[in-house]
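> sequence first, predicted coordinates after that:
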Amino acid sequence: RKRNPGQTEFIQAVQEVAQDIFDFIEDKEEYHEAQILRRIAEPDRVISFRVCWEDDNHCVRVQRGWRVQNNNAIGPYKGGLRFHESVNESILKFLAFEQTFKNSLTGLPMGGAKGGSNFNPKGKSEAEIMRFCQSFMTELYRHIGPDTDVPAGDIGVGGREIGYMFGQYKRITNRWEGVLTGKGLEYGGSQMRPEATGYGAVYFLQNMLKQKDEAIEGKTAVISGAGNVATHAAEKIAQLGGKVLTLSDTDGFIHDPDGIDQEKIDWVKHLKNVRRGRISDYADHFTNATFHAGKRPWDVTCDLALPCATQNELDEENARELVDNGVMAVSEGANMPTTLEGVKVFHDAKILYGPGKAANAGGVAVSGLEMSQNAERVSWNHERLGDMLTDLMGDIHDKCVKYGDQGDGYIDYVKGANIAGFKKVADAMLAFGVV
Ligand code: NDP
């Protein structure tokens with residue numbers, strides 16, 4: 001706390017990991033001597049820079065940009081860019097720290113990083129978004145590269161923003177190289193990347209349910225968010241015979257007791273990606289659906305819950321509501337959506353609980369496969385990548401079980417993910433000596 005004053009999200013993320021790691025390394029002298037946990041929790045570097053751009057009224061706007069390169073022990077830094085007014089150093093440090101464990105869990109050679117800006121894309125014109133992205137990349141380009149650091153998308157950064165940033169990188173460097181992932185299919189993107197995080201979170205859920213001889217078919221699901229992760233999680237739940245009841249955005253949530261099927265999900269994707277509208281429009285368009293302003297969906301009775309919007313969107317009270325209403329499993333599409341107190345409620349109730357660093361790792365895993373395809377100058381087909389994603393999520397699940405099995409039939413997926421993710425990075429760092 002003294003070293004990171006005011007950085008509450010970062011301290012929360014480290015605290016969650018530290019307890020599990022302390023237990024694991026208790027009798028392992030080599031990790032203590034080398035101060036490995038302390039070193040992983042201190043980013044390699046935090047790059048902070050000014051981003052100037054001109055709005056449509058020719059007013060100069062000034063924003064802050066960051067890239068937090070947390071750890072590159074097992075591969076080039078890798079992690080998304082977030083454009084949201086709430087972005088600050090604490091949030092990016094927590095995300096870069098989590099990313100280090102998540103990337104390790106995928107089994108692919110990727111280190112952990114995160115970046116972004118406090119730029120608010122809402123209400124901005126296409127031209128303004130383009131100018132901002134170009135300005136952001138004009139500084140960022142000198143810190144990244146296909147063997148150094150490979151950013152991707154996150155909240156507020158989708159295909160459109162990646163396109164503008166990739167174009168600017170190429171213009172400045174005169175090099176076509178796989179420096180960003182989440183690219184369009186026309187210029188080096190990977191099949192399955194847009195779907196990967198949401199689908200992956202559902203595959204992880206499927207694997208957890210299998211432990212109890214249960215399946216998604218016939219179950220009701222409550223999902224938060226209405227962006228990339230949420231809509232693809234909803235799509236996969238619907239494909240597997242589940243019934244999605246809710247979606248949300250910063251304004252509130254919609255509840256559709258008839259279920260949000262593929263046609264409705266396509267409508268939401270168009271609303272969010274093309275019309276850039278609000279989720280409240282859903283209730284005006286589909287009869288029987290209701291909009292709940294300023295609320296989160298966690299008091300809606302369901303079998304499955306998938307928080308897919310943002311950090312700390314599910315607190316202790318929300319977790320209690322879910323458990324009291326009989327939730328069977330929670331799979332996190334977002335990063336750290338549940339507060340520490342909320343996680344404790346899930347643990348105490350012994351429900352199936354898949355933390356984001358494991359459950360949402362499908363996105364970065366397919367990003368890793370996008371890097372491989374770019375390096376080889378090939379593109380694999382949708383089916384092959386779909387199979388690889390399914391296998392990767394199964395492997396991640398098994399690693400969590402290996403280190404999280406409590407021996408009494410309960411699997412602590414948080415502990416499993418923390419230890420499995422930590423071990424690989426820590427062993428690599430030990431091999432390097434004190435650097
Ligand atoms: P998007 O920008 O596509 O969507 C984010 C959604 O969450 C939007 O519906 C947004 O609402 C809502 N949201 C954002 N902030 C808040 C808030 N403070 N309160 C309530 N709702 C909010 O982002 P993604 O879907 O890509 O990301 C969602 C989560 O998944 C994030 O935690 C991200 O870090 C994580 N993640 C994403 C990956 C990816 O591949 N994209 C990979 C792994 C994790 P609104 O429309 O009002 O802004």
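The structure has been received and is ready for your questions. Residues are numbered from 1 along each chain as shown.
> so which elements touch the helix or strand containing Leu245?
Per DSSP states H and E: Leu245 is located in strand 243-249. Judged by 3 or more CB pairs under 8 Å, 6 or more residues apart in numbering; DSSP states H and E, strand 243-249 is in contact with strand 220-223, helix 228-239, strand 252-255, helix 262-273. Backbone N, C-alpha and C define where each C-beta goes, glycine included.
> not counting its neighbours along the chain, what's nearest Met130?
For Met130, ignoring the flanking residues on the chain, the nearest one in space by CB to CB, 6 or more residues apart in numbering is Tyr164 at 4.9 Å.
> any idea of the mean pLDDT in the strand or helix carrying the one you found?
If you go by DSSP H and E, Tyr164 is part of helix 159-173. Averaging pLDDT along helix 159-173 gives 98.
> cool, and stretch 191-200?
In the prediction, stretch 191-200 has an average pLDDT of 97.
> same check, this time on stretch 105-119
98.
> for the ligand, give me its nearest residue in this structure.
Minimum separation of the chain from the ligand (CB to the nearest ligand atom) falls at Gly227, amounting to 1.8 Å.
> OK, contacts around the residue nearest to Met130?
Tyr164 makes contact with Ile129, Met130, Cys133, Gln134, Met137, according to CB atoms under 8 Å, 6 or more residues apart in numbering.
> so which bits of the stretch 101-250 of the chain are right by the ligand?
Proximity of the stretch 101-250 of the chain to the ligand (CB under 6 Å from any ligand atom) is limited to residues 153-156, 158, 197, 225-230, 249-250.
> PyMOL command for the buried members of those residues?
For the buried members of these, the matching PyMOL selection, counting by 16 or more other CB atoms under 10 Å, is:
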select buried, resi 153+154+155+156+158+197+225+226+227+228+229+230+249
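> out of the helices and strands packed on strand 243-249, the one nearest Val425 is which?
Set against Val425 and scored by CB to CB, the helices and strands packed on strand 243-249 come closest in helix 228-239, at 24.5 Å.
> put the alpha carbons of that closest one into PDB.
Extracted in PDB, the C-alpha atoms of helix 228-239 (Å, rounded to 0.1, in the frame of the first residue of the first chain):
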ATOM      1  CA  ASN A 228     -17.700  -7.600 -27.500                       C
ATOM      2  CA  VAL A 229     -17.400 -10.000 -24.600                       C
ATOM      3  CA  ALA A 230     -21.100  -9.900 -23.500                       C
ATOM      4  CA  THR A 231     -22.600 -10.300 -26.900                       C
ATOM      5  CA  HIS A 232     -20.400 -13.300 -27.800                       C
ATOM      6  CA  ALA A 233     -20.900 -15.000 -24.500                       C
ATOM      7  CA  ALA A 234     -24.700 -14.600 -25.000                       C
ATOM      8  CA  GLU A 235     -24.400 -16.000 -28.500                       C
ATOM      9  CA  LYS A 236     -22.600 -19.100 -27.300                       C
ATOM     10  CA  ILE A 237     -25.000 -19.700 -24.400                       C
ATOM     11  CA  ALA A 238     -27.900 -19.500 -26.900                       C
ATOM     12  CA  GLN A 239     -26.200 -21.800 -29.300                       C
END
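> show me what counts as buried in that helix.
In helix 228-239, counting by 16+ other CB under 10 Å, buried: Asn228, Val229, Ala230, Thr231, His232, Ala233, Ala234, Glu235, Lys236, Ile237, Ala238.
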